[in-house]
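Enquirer: Fold the following and give me the result.
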Amino acid sequence: MKILLKQAAALLSENDLIAALGNFSALIYYEIPDLNWVGFYRLQNEELVLGPFNGKVACTHLKLDHGVCAKAVNDAKITIVNDVHAFKGHIACDTASSSELVLPLYQKEKLWGVLDVDSPKLGRFDDKTVSVFKKLEVLLNDRISDDVHLGRS
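Expert: The predicted model follows:
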């Protein structure tokens with residue numbers, strides 16, 4: 001996974017945030033096995049709006065009152081659901097999804113959005129995988145915060 005982290009850091013060095021996030025989501029989608037959707041949702045006007053992603057067509061707008069992404073935002077922490085079919089309020093954009101991991105992302109101290117990762121396998125996100133995503137979360141938060149610092153966005 002060291003190579004994956006180096007590749008992710010290199011992709012996030014791109015000046016254009018949307019381009020960086022598009023390539024980042026493709027890297028995760030194609031390099032981490034057993035995923036069927038990887039993408040970003042940005043917080044805009046009290047809802048999450050679809051950003052760069054890889055996978056099937058996705059929900060465009062997500063309210064903050066239900067779903068795994070909303071839980072991650074409201075709890076302000078990584079959220080893992082081993083069986084989305086048992087999660088009350090799950091939003092099924094792709095019926096093939098069985099488990100989900102959501103990372104809240106911050107621009108400095110302010111919520112920016114989330115990275116949403118789905119898998120067709122129940123219980124896909126074990127401790128080893130979560131450890132990798134926590135490292136990716138640090139890279140993403142640093143990159144998103146750089147947009148404010150450097151006057152980009």
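
Enquirer: Would you mind writing the CA trace of stretch 15-30 as CSV?
Expert: The C-alpha coordinates for stretch 15-30 follow below in CSV (Å, rounded to 0.1, in the frame of the first residue of the first chain):
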residue,chain,number,x,y,z
ASN,A,15,-3.1,22.4,-9.3
ASP,A,16,-6.7,21.9,-10.3
LEU,A,17,-8.6,20.3,-7.4
ILE,A,18,-11.3,18.7,-9.6
ALA,A,19,-8.7,17.1,-11.8
ALA,A,20,-6.8,15.9,-8.8
LEU,A,21,-9.9,14.4,-7.2
GLY,A,22,-11.0,12.7,-10.4
ASN,A,23,-7.6,11.0,-10.8
PHE,A,24,-7.6,10.1,-7.1
SER,A,25,-11.0,8.4,-7.3
ALA,A,26,-9.9,6.5,-10.3
LEU,A,27,-6.7,5.3,-8.5
ILE,A,28,-8.7,4.0,-5.5
TYR,A,29,-11.4,2.5,-7.7
TYR,A,30,-8.9,0.5,-9.8
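
Enquirer: what's the least confident helix or strand in this protein, going by average pLDDT?
Expert: When each helix and strand of the chain is scored by mean pLDDT, DSSP states H and E, helix 127-149 comes last, with a mean of 91.

Enquirer: And for that one, what's in contact with it?
Expert: 1, 4-5, 8-9, 12, 17, 20, 24, 28, 32, 78, 80, 101, 103, 105-108, 112, 115, 117, 125, 152-153 (Cβ atoms under 8 Å, 6 or more residues apart in numbering). C-beta coordinates here come from the backbone N, C-alpha and C atoms, glycine included.

Enquirer: So for the protein, the centremost residue is which one?
Expert: Nearest to the mean C-alpha position of the chain, counting by Cα atoms, centre = their mean, stands residue 115 at 1.1 Å.

Enquirer: hang on, that residue is in a strand, isn't it?
Expert: Yes - inclusion of residue 115 in a strand is indicated when DSSP: H, G, I helix; E, B strand; the rest coil is applied.
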